[in-house]
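# Sequence plus the predicted model coming up.
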Amino acid sequence: CARLGRRTRVRPGPGLRSGKGAWPWPRGMGGDGMKIAVTAQGETLNDLVDARFGRAKTLLIADSETGEAVSHDRSMALDAARGAGIRAAQEVAQLGAGVLITGNVGPNAFRALTAAGISVYLTSDCTAAEALERFRRNELTEQKVASVEGHRVAVGAPSSADDKDEVETR
């Protein structure tokens, strides 16, 4: 069982609780107690979505019914040599999220997420709050495949047949 990072309760930013389409969502709009994980570059809903899933600095878990979000520090994963995406997928599952919103996800992490029954949605160039709102408005499309290739290249391995001699002579 992986140890989860530091947790911090996050309050919705300005404007998230007022007006049409407010967070939390009204009952019956697909948000009845759903937990949604969002990768973020910081610890609040006002921080940008992190483009990296496995090496995201923070994982925000938002509850669509209460509007509360909890920040999980993942800074220890930033320097992981291997398996960061799979470990992050395990964390998302342990935290009870049924949906992940992130910038990109690799093939191993994608398989782990879908095996756990977690739906994956991609977005970029917006805050975590904006990503949640896009999801609520059904503006994001569920991913059916990984969005990036894996990182299975061994350190020092040749990248092509032409490089083979260089590696062997070092």
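Yep, it's here. Residues are numbered from 1 along each chain as shown.
# Please make it C-alpha for all contacts and neighbour counts, starting now.
Will do.
# what about Ile101, which SS state?
strand (DSSP: H, G, I helix; E, B strand; the rest coil).
# okay, now Ala115: neighbour count?
When neighbours are counted by other Cα atoms under 10 Å, Ala115 registers 12.
# pretty sure Ile86 contacts Gly54?
Yes - if you go by Cα atoms under 8 Å, Ile86 and Gly54 touch, sitting 7.2 Å apart.
# quick one, which of these two is more surrounded?
Using other Cα under 10 Å, the more surrounded residue of Ile86 and Gly54 is Gly54, with 25 against 20.
# my read: the more buried one touches Arg87, true?
Yes - with contact defined as Cα under 8 Å, Gly54 reaches Arg87; the gap is 7.3 Å.
# on that earlier part again, which residues do Ile86 and Gly54 both contact?
Applying Cα atoms under 8 Å, 6 or more residues apart in numbering, one finds that Ile86 and Gly54 are jointly contacted by Ala109.
# for Ala62, phi and psi?
Reported as degrees, to the nearest 10, the phi and psi values for Ala62 are phi -100, psi 140.
# and what of Val38?
Here Val38 shows phi and psi, under degrees, to the nearest 10, equal to phi -130, psi 130.
# how many neighbours does Phe135 have?
Neighbour number of Phe135 under other Cα under 10 Å is 19.
# Any buried residues in the helix or strand harbouring it, and which?
Element membership for Phe135, per DSSP states H and E: helix 128-136. For helix 128-136, burial by neighbour count (16 or more other Cα atoms under 10 Å) applies to 128-133, 135-136.
# mind listing the strands in the chain by residue range?
Assigned by DSSP state E, the strands in the chain fall at 7-10, 35-40, 58-63, 69-73, 99-102, 119-122.
# Return the list of strands paired to the fifth one, each annotated with direction.
What it means is strand 99-102. strand 35-40 (parallel), strand 119-122 (parallel) (DSSP bridges).
# Turn those strands into a markdown table, including mean pLDDT and distance to Ala93.
Below are the strands paired with strand 99-102 laid out as a markdown table (pLDDT from 0 to 100; distance: least, Cα to Cα, whole Å):
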| stretch | mean pLDDT | distance to Ala93 |
| --- | --- | --- |
| strand 35-40 | 96 | 10 |
| strand 119-122 | 96 | 11 |
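# Show me the one of these that comes nearest Pro107.
strand 119-122 (11.9 Å; Cα to Cα).
# Mind exporting the C-alpha coordinates of that closest one to PDB?
Written as PDB, here are the backbone C-alpha positions of strand 119-122 (Å, rounded to 0.1, in the frame of the first residue of the first chain):
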ATOM      1  CA  SER A 119     -12.400   7.500 -16.300                       C
ATOM      2  CA  VAL A 120      -9.700   9.800 -17.800                       C
ATOM      3  CA  TYR A 121     -10.200  13.300 -19.200                       C
ATOM      4  CA  LEU A 122      -7.600  15.600 -20.600                       C
END
